[in-house]
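Engineer: need a structure here:
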Amino acid sequence: MISALLWGVACARDPALQLPRADATLVVVAQGMPQITDVQPVPGHSEVVVLTKGGTAWRVDPSQGTQVEWFTVDVRTDSEMGLLGLAFAPDFTDSGRFYLYTSPKGAPRSEVSRWGVAPDTLKAPKRVDTVLTFEQPYPNHNGGQIRFGADGMLYVGIGDGGSANDPHLAGQDLTTWLGTLLRIDVSTSPYTVPPDNPFVGREGAKPEIWAYGLRNPWRFDLLADGRAVIGDVGQNKVEEVTIGSAGSNHGWSQWEGDRCFRPPCADDPTLVKPAFTYSHAVGTSITGGVVPRSGPYAGDYVFGDFTSGRLWRLDLDTLTTTDLGKHDVMPATFGRGPTGEALLGDYGGTLYRIDGT
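Structural biologist: Just a heads-up that it's a prediction; the model follows:
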């Protein structure tokens, strides 16, 4: 009882509740797309693609507020499975190539697949082949974000396999893809491992791994300097934003955010410490965000909490955070619009533009 009271007092004093405040305004762009999971601008077009967990991809024109179904895929939707991520190839306007992260029907597994479409008309998208596939021991903690970096490589965010408390100890295990960000070259089929990946040549380590020690990297963004800004969902007490680079270890499941989870927890200088944390007095499931390229938050990392509706902005130069208010939404994902503005996908089915000062 005493420990519970002390924990309650600690939560009430969470620094995340004492941040400078600058309320954001959410402007409705489109509605009627339940269980949004990803939002991506279409290169060469004035549209974004909005994915929904059940397998439908929508094309939305934010300037007109119009939307149309683009295609559907057959997916398994148990727990956190479904249609989870999309990335357009850097040469999409010529090749028409894009990539999906899905949970296919059948045994629990995750898959990255390659697709093609006419890049000018966006008509008749078709699956080309499978890039990679792997089993999931449980239906939660699938990760699901895929993004191309400035280096032209595809980065894949994968959770620790699910259940709770990292039962397979995947977080610190380099022999599995679980609990990692992968970095692969998809310019050839199905893919090749970039020779400068940090664990190439290390015995027993998966060479595709770029960073590890992650519990469930639910949304990340890539910076021009090669770093990844990741929203890593916590277990019982702490949510975190962490900034990764080649070979970085983010601590799970020795650490949950900035707190010891599985002793002993030595003060290891090689572990990456979170850039921002908040306790479960504030919110219980972080949704990683994006760095807008236009609008009032250009250059900052905008992110939120799925269960509380809180939003924040993180200044990536100073690592200072501003509270953008608590909103009546369930932020499931963030994206950039056609001109780089910040968008928010509400799990309830509404796409918003994030305005503010």
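Engineer: Where does pLDDT dip in this structure?
Structural biologist: Scanning the chain for pLDDT under 70 picks out 1-12, 357.
Engineer: In it, where's the longest strand?
Structural biologist: Longest strand in the chain, counting residues (DSSP state E): strand 126-135.
Engineer: Please identify the buried residues of that strand?
Structural biologist: Going by neighbour count (16 or more other C-beta atoms under 10 Å), the buried part of strand 126-135 is Val131, Leu132. C-beta here means a position set from N, CA and C on the backbone, and glycine is covered the same way.
Engineer: helices and strands around the helix or strand following that strand, which ones?
Structural biologist: Once the chain leaves strand 126-135, the next helix or strand it forms, by DSSP states H and E, is strand 146-148. Here strand 146-148 touches strand 83-88, strand 97-102, strand 154-158, strand 217-222, going by 3 or more C-beta pairs under 8 Å, 6 or more residues apart in numbering; DSSP states H and E.
Engineer: Just the angle for the longest strand of the chain relative to strand 97-102, thanks.
Structural biologist: Strand 126-135 and strand 97-102 are oriented at 40 degrees to each other (axes from the mean of the first three to the mean of the last three C-alpha atoms, to 10 degrees).
Engineer: which residues touch Val73?
Structural biologist: Residues in contact with Val73 (C-beta atoms under 8 Å, 6 or more residues apart in numbering) are Gly55, Ala57, Leu83, Leu100, Thr102.
Engineer: repeat that with 10 Å
Structural biologist: Counting by C-beta atoms under 10 Å, 6 or more residues apart in numbering, Val73 touches 51, 54-57, 82-83, 100, 102-105, 113, 115, 125, 127.
Engineer: Pull up the gap between the residue nearest to Val117 when sequence neighbours are not counted and Leu19, please.
Structural biologist: Distance criterion C-beta to C-beta, 6 or more residues apart in numbering; nearest residue to Val117, sequence neighbours excluded, is Pro125 at 4.1 Å. In this view, Pro125 and Leu19 are 42 Å apart by C-beta to C-beta, to the nearest Å.
Engineer: and what of Ala224?
Structural biologist: According to C-beta to C-beta, Ala224 stands 27 Å off from Leu19.
Engineer: ok, those two, which is more surrounded?
Structural biologist: Neighbour totals were compared for Ala224 and Leu19, and Leu19 leads with 17 against 8 (other C-beta atoms under 10 Å).
Engineer: which element is the residue nearest to that one when sequence neighbours are not counted on?
Structural biologist: In space, and not counting its chain neighbours, Leu19 is closest to Asp323: 4.2 Å by C-beta to C-beta, 6+ apart. Here Asp323, judged by DSSP H and E, is contained in strand 321-326.
Engineer: before we move on, what about Glu111?
Structural biologist: Using DSSP H and E, Glu111 falls in strand 109-116.
Engineer: can you dump the C-alpha coordinates of that strand into CSV?
Structural biologist: C-alpha atoms of strand 109-116 as CSV (Å, rounded to 0.1, in the frame of the first residue of the first chain):
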residue,chain,number,x,y,z
ARG,A,109,3.2,-13.3,-39.0
SER,A,110,4.3,-10.0,-40.4
GLU,A,111,5.2,-9.3,-44.0
VAL,A,112,6.7,-6.5,-46.1
SER,A,113,5.6,-6.7,-49.7
ARG,A,114,6.5,-4.8,-52.9
TRP,A,115,3.7,-3.2,-55.0
GLY,A,116,3.4,-1.4,-58.3
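Engineer: sorry, back to before: quick check: bridge partners of the residue nearest to Leu19?
Structural biologist: Assessed by DSSP bridges, Asp323 has beta-bridge partners Arg21, Trp312.
Engineer: Enumerate every residue touching Gly231.
Structural biologist: The contact partners of Gly231, by C-beta under 10 Å, 6+ apart, come to 145, 157, 216-221, 239-242, 276, 285-289, 301, 303-306, 334.
Engineer: if you set the cut-off to 7 Å instead, what comes out?
Structural biologist: The contact partners of Gly231, by C-beta atoms under 7 Å, 6 or more residues apart in numbering, come to Trp218, Arg219, Phe220, Val241, Ile286, Thr287, Gly288, Gly289, Phe303.
Engineer: can you check Pro137 too?
Structural biologist: Per C-beta under 7 Å, 6+ apart, neighbours of Pro137: Gly161, Gly162, His168.
Engineer: and what of Leu319?
Structural biologist: Leu319 neighbours (C-beta under 7 Å, 6+ apart): Ala275.
Engineer: On the three-state scheme, it is what?
Structural biologist: Put simply, Leu319 is coil when judged by DSSP: H, G, I helix; E, B strand; the rest coil.
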